[in-house]
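>>> Fold the following, please.
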Amino acid sequence: MERGRAAPPPWRGPWILCLLPALAGGQPLAAGEAAYEEWRATGVRGRAVELSCGPPAAAPPAVVFWSFTPRGEGLPRAVAVGSGREVAVAPGTGMLGRVTLRNGTLELRELRVAAQGRFLCQGLFPERGRLRVGYAAVLLRVLVPVSKPFVRPTAAAAAEGAAVALTCTVREGTEPLSFSWQHQEPRGGPSVTPAGLGGSRAELQLTPANRSHTGWYVCTVSNEVNNHTSDPVYLDIVYGPDEPAIRVEPFSPEQGAFSAGEREDVVLSCLAPSNPPSRYVWLHNGSQVHIGQTYVITAIARAQAGTYTCLAENSHLQTRTQATIVLTVYYPPAGSPSCSALASGDQRDVALRCRWLGGFPLARLRWVGPEEEEEEGLMGTSFSMATRIQSGAATRNGSSFSCLASHPALPQGAACGTTLWVPSGSPTCAAAATKGDEYVMLRCRWEGGTPLVTLRWRDTGGRALGDPAPSIAVLVLSTDGSLGGREFVCVAAHPLRAAAAECRLRLGKLDPSPEPPPCHRGWHVPAGTVPPCRRVEVPELEAESEVAVLEGGEAELSCRQRGSNANLGATVAWYDPKEREVTPGLAKYRLEQGEAWLNLTVRDAEWPGDSGIYRCTATNAVGTASLPVRLRVDRYPAPPNVTISKLRYTRARTEVRLEWRTQGAGNLTGFVVQRRQTKKPLRETASPWETAAGDIEPHSRDRRLGGLDPAVLYAFRVLAVNHRTAGHPSEVQTPAEPPFEAYPAVTGAAVAGMLVATAASLLAVHCIARHRETLPRLHDLLFRTAGAGAQEPVGTAEDAEAAAAGEEEAVPAQGDSSAPSTAAGAEAAPAQGDPSARSTAAEPLSAAPSTTDDPPVNVTITVTATP
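From the prediction side, this is the model:
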């Protein structure tokens, strides 16, 4: 039996020991009236609980005995007994905790679960000079705190729509247990209790699971002792991808499609909710063009219009969705709108024409007058071409009209205009005879005005002669006798002029009196009826016979009329070497025309395509003149030749390092590197050369070329370029393999090996010299000389002592011949019983060369280090 804190006096111990059996047997003392009490107590495992024997206000018992019945069943077991300060604790009570007894109160510290049961206290209480027996039964309930719970989901990642359950378990804890669940979204936010999912039970059912269930889950378990919260567990709900939503910036929706202006930056964004996040692939007209959620098209071109499909893929679920939009690229027509004004056939109205062809969609055009600027759409709109018929009588001279053009790709729009006006003055008439007086040309002229004045020749009877012409009307008549005295009228009409204007010419008869001018020979010209005349002849042209230009430059071919007939309405035109007339608007040519000249500019001259004979022709009423002009397009001088000096693969065989040098003199503006595949099958033709690097600076002599397939063998060549003239290509070479870079390592290893071998040899020799007793034969082989009288070298202090001893023994041996035999006999006696002595005598450490049976040996040690 264990003792309490206070050691009882020796004389009281036997009395208590004698009392314990009586009390433990349940036999109360017959000392007065007995009292019986019973109550319940609760304790927590690991903590302390006090069990009192009687009311708290009562005096402590003189003698107390505590017993314990596990869970109220079986025989009681003694726990502790005490009388005053004398306390004894029964053995085996450690299963209940740390038991102490003080003033009759039983205290259980570090309470254990085994203490749950019925504690019985029997005590003798002093009362009025006598002892009263009291009994107190305490039913102790031991509560176990809740341990830290942990959450186990049926799956860490589940597909949307599947059934998922999370179970919260604890290792221990007194029931009843209360469970509560908290859910937090993946990106943070407040924790909420899952509504309608059984969040008060140990198992949380997510049936079916949806994407809102993704996040962190925490379980809290509590009982009447404490509560404990688990570590958060992440539940990943895999879903998607949903149908993608495509957003286009700038936002310009059309009916069922989107649009963007040419050369505009377009951003296509695709969003398809998915977990894990979707992998996005963009397709243009069915071909993959980009991987990623956002596709930026910089300076979009009209060829990039079409359908764009966003393909979203969930790599976990192997599911795909897609969405497609139609993107229209708007581009305006080339140039700007052009405005013109033409008179109607009856010269009463003006047809205002606005023209702007091309573009997508077609440009909208509309005409507005001087007082219609704010009235949009008064005359309606048209596409590409707009015509407005304006009454000449209702239009004031000098009225301006504008054609407004609108296009989705032009936020500011475009416009052109024209002003209707009548030229001042009146038409002028003139007559001229051709060379040889074969024809007479009547010329009427009234330039200016919008639209141009319409001129037409008539005779005195009002019959029209020839076709009407704007500004200049020429009538050619054959000379015969019927023309004498006839009068011709040139009528000028304009829609803005109410009355027509005219001028007249009268041709006179032959007058034999004075000699008429050469151009009027045979004609009588009354004074004032015919102005001074000029002869009309075939046009005369002048131009340079040959024009030279370097390749890529601009060549200007000039053609000019000369002579007195230069302003008499000849039509001048240019023809290219293929006899095709050069018309305005061609990209290759530019025409510039004056009153008596026409220049042709050949842009970006090419060799030899633009070289050849160009013809300038001039045609009038008399005939046609033609003048050839040779255009010579010269090439730039050939650049120097190029030789490849180094062509080698890198280690990964995806790049090559190319170096070259030039040979000879010559100007150059850069280099071009070409490549092609080699080792083609015999039946296949060689692949064409493709440019691997262009626009290389003229001072560069090396280049690193990447993007090669390691499984393909390539051939390379280099060309020097002087503007557009390429020199002779270099020799064709294939790349060499990368150099073997292990030689430095091998050399280093060899040197290191030699050093290690030398050090090992020196250490071995030193070891043999110091331990000659242990290795005598190796010592003899290494350190004994070939001469008979040679002495062994002394390497250590021990060797010196041994050498001195040998010399002392050799002195008596010279005077007494029996000394060796005596010494040998003396040494032979102990050799019979001592093996060590026998071995020492058989192999002396330092024997003279004359006493050994082995001849001297020369040993050479050669150390070779092999890398």
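
>>> can we go C-alpha only for contacts and neighbour counts from here?
Noted.

>>> Roughly how far does Arg152 sit from Cys168?
Separation of Arg152 from Cys168 (C-alpha to C-alpha, to the nearest Å): 7 Å.

>>> of those two, who's got more company?
Neighbour count, other C-alpha atoms under 10 Å: between Arg152 and Cys168, Cys168 has more, with 22 against 14.

>>> Scan the protein for its longest helix.
helix 743-770 (DSSP state H).

>>> Centre of the chain to the helix or strand following it, how far?
The C-terminal neighbour of helix 743-770 among helices and strands, as given by DSSP states H and E, is helix 776-783. In terms of C-alpha atoms, centre = their mean, to the nearest Å, the centre of helix 776-783 is set 76 Å apart from its chain centre.

>>> cool, stretch 113-122 as well?
76 Å.

>>> measure that stretch end to end?
End to end - C-alpha to C-alpha - stretch 113-122 spans 24 Å.

>>> Residues in contact with that stretch: which ones?
When contacts are defined by C-alpha atoms under 8 Å, 6 or more residues apart in numbering, stretch 113-122 is touched by residues 23, 28, 45, 53, 64-72, 95-97, 133-144.

>>> remind me which residues of the stretch 401-550 of the chain are low pLDDT?
434-437, 480-484, 508-537 (pLDDT under 70).

>>> try 80 this time
Within the stretch 401-550 of the chain, the ranges that satisfy pLDDT under 80 run 432-439, 478-485, 507-539.

>>> so where do the strands sit in it?
410-420, 428-433, 439-445, 454-459, 464-470, 472-478, 487-493, 501-506, 540-542, 546-550 (DSSP state E, counting those that start in this stretch).

>>> mind putting those in CSV, distance to Ser645 and mean neighbour count included?
Below are the strands of the stretch 401-550 of the chain laid out as CSV (distance: least, C-alpha to C-alpha, whole Å; neighbours: other C-alpha atoms under 10 Å):
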stretch, distance to Ser645, mean neighbour count
strand 410-420, 55, 16
strand 428-433, 78, 21
strand 439-445, 76, 22
strand 454-459, 76, 22
strand 464-470, 72, 15
strand 472-478, 73, 19
strand 487-493, 81, 22
strand 501-506, 85, 18
strand 540-542, 56, 18
strand 546-550, 33, 16
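
>>> what is the mean pLDDT for the helix or strand where Ala573 lies?
Secondary structure assignment for Ala573, by DSSP H and E: strand 571-575. Taken as a whole, strand 571-575 has a mean pLDDT of 89.

>>> What is the subsequent helix or strand relative to that strand?
strand 589-593.

>>> Which elements pack onto that next one?
In this structure, strand 589-593 packs against strand 597-602, with contacts taken as 3 or more C-alpha pairs under 8 Å, 6 or more residues apart in numbering; DSSP states H and E.

>>> and the next element down the chain from the strand it packs on?
strand 612-619.

>>> Okay, now the sheet partners of that next one, with direction.
Each strand paired with strand 612-619, and its direction, by DSSP bridges: strand 571-575 (antiparallel), strand 624-634 (antiparallel).

>>> Pull the longest one out as PDB, backbone CA atoms only.
In this case it means strand 624-634. What follows is strand 624-634, C-alpha atoms only, in PDB (Å, rounded to 0.1, in the frame of the first residue of the first chain):
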ATOM      1  CA  THR A 624      -0.200  59.700-138.300                       C
ATOM      2  CA  ALA A 625       3.400  60.200-137.200                       C
ATOM      3  CA  SER A 626       5.300  57.600-135.200                       C
ATOM      4  CA  LEU A 627       8.700  57.900-133.400                       C
ATOM      5  CA  PRO A 628      10.500  54.900-131.800                       C
ATOM      6  CA  VAL A 629      12.300  55.300-128.500                       C
ATOM      7  CA  ARG A 630      14.600  52.600-127.200                       C
ATOM      8  CA  LEU A 631      14.500  51.900-123.500                       C
ATOM      9  CA  ARG A 632      17.600  50.200-122.200                       C
ATOM     10  CA  VAL A 633      17.400  48.800-118.700                       C
ATOM     11  CA  ASP A 634      20.900  48.100-117.400                       C
END
